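Novice: missing the sequence, but the structure's below:
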């Protein structure tokens, strides 16, 4: 699988459309990711690629435990866009982060389906 990360509209997303099996976008906002995916869709059309065959992932850029409700709202928005994976980064000691994420995020993420 070839995953290409980044959101450059002229080069990077064109490379995703041409060669990528997956893309990883920066999760700056749901609206921004929606725009990037629209650009990717147009590059796919130009390349003759099936947009739906490209796996869409997001690297979430904000601390998830500081605003759990906001994070979950964004996750729901990304899911509606066809994003199938959200990557999060620890903003504190890794063990503490995983414990808190499992406790505070996992049950609510499972409710989203």
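Specialist: Perfect, I can see it now. Computed from a predicted model, the values in this text were never measured in an experiment.
Novice: list the contacts for the nearest residue to residue 1 once chain neighbours are set aside?
Specialist: What sits nearest to residue 1 in space, not counting adjacent residues and going by CB to CB, 6 or more residues apart in numbering, is residue 21, at 4.5 Å. Every C-beta, even on glycine, is put in place using the N, C-alpha and C of the backbone. The neighbours of residue 21, taking CB atoms under 8 Å, 6 or more residues apart in numbering as the test, are 1-3, 53-55.
Novice: State the number of residues packed around residue 47.
Specialist: 14 (other CB atoms under 10 Å).
Novice: if I look at it, how far off is residue 33?
Specialist: Using CB to CB, to the nearest Å, one obtains 20 Å as the distance from residue 47 to residue 33.
Novice: any low-confidence regions in the protein?
Specialist: Residues of the chain that meet the criterion pLDDT under 70 lie in 113.
Novice: Just the residues contacting the strand or helix carrying residue 78, thanks.
Specialist: For residue 78, the host element (DSSP states H and E) is helix 68-80. The contact list for helix 68-80 (CB under 8 Å, 6+ apart) reads 27, 29-30, 33, 58, 60, 62, 64, 86, 104-105, 108-109, 112.
Novice: What about those residues, which are in helices?
Specialist: Counting by DSSP state H, these place 30, 33, 104, 108-109, 112 in helices.
Novice: Out of those residues, who's the most crowded?
Specialist: For the ones in helices among the contacts of helix 68-80, counting by other CB under 10 Å, the largest number of neighbours falls to residue 33: 22 neighbours.
Novice: ok, now which ones touch that one?
Specialist: By CB under 8 Å, 6+ apart, the contact list for residue 33 reads 25, 27, 58, 78, 81, 83.
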